[in-house]
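> Here you go, sequence then predicted model.
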Amino acid sequence: MGKVSITINGSDAKNIYPAVTIGVSAAASGDEVIFFILPSALPAFVKGQIKKLSEETKNLPDLMEMMDGLVMLEAQFLVCELGFEVHGLKEEDLMEGMEVVGATTFVVRAGGSDLTFSF
């Protein structure tokens, strides 16, 4: 059992799908999974946006189902605190299961990761 850290640096399908797919695969294999959602990815994690992105994308797995699986498998979703002011959002705008932190917290928690990915 290892640790996989994934940063997401965009709110488009090309950023979200690969990150979530790798995360689900790692979590299902028993790895600890930590996501760090950077400011440019923040809009995708506002309530309702993952579902909307999934509905707009044809022939790909259901993104909400994968996110639910990640929550069930105890993946960590760390959201960079710097994105809120940039996008005019508040913590309560986020979907459930998100933890707002600074970059230092992510670096500490991701320490010793066996694999790292950035999308």
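Perfect, I can see it now. Numbering: from 1, shown residues only.
> wait, what's in contact with residue 11?
Taking Cβ atoms under 8 Å, 6 or more residues apart in numbering, we find residue 11 in contact with 40-44, 49. Every C-beta, even on glycine, is put in place using the N, C-alpha and C of the backbone.
> Revised request: answer the last question for residue 30.
Neighbours of residue 30 in contact, by Cβ under 8 Å, 6+ apart: residue 1.
> before we move on, could you check phi and psi at it?
Dihedral pair for residue 30: phi 100, psi 10, per degrees, to the nearest 10.
> and it, what pLDDT?
Reading off the confidence values, residue 30 has pLDDT 97.
> mind checking how far it is from residue 74?
Per Cβ to Cβ, to the nearest Å, residue 30 is found 11 Å from residue 74.
> re earlier: ok, the contacts of residue 11 vs residue 24, which is closest?
Checking the contacts of residue 11 against residue 24 by Cβ to Cβ gives residue 44 as the nearest, at 16.1 Å.
> Where does the closest residue to residue 20 other than its chain neighbours sit, in terms of helix or strand?
Nearest residue to residue 20, sequence neighbours excluded (Cβ to Cβ, 6 or more residues apart in numbering): residue 66, at 5.0 Å. Counting by DSSP states H and E, the element that carries residue 66 is helix 63-72.
> That helix packs against which elements?
In terms of contacts (3 or more Cβ pairs under 8 Å, 6 or more residues apart in numbering; DSSP states H and E), helix 63-72 is packed against helix 13-28, helix 49-56.
> Nothing else from me, thank you.
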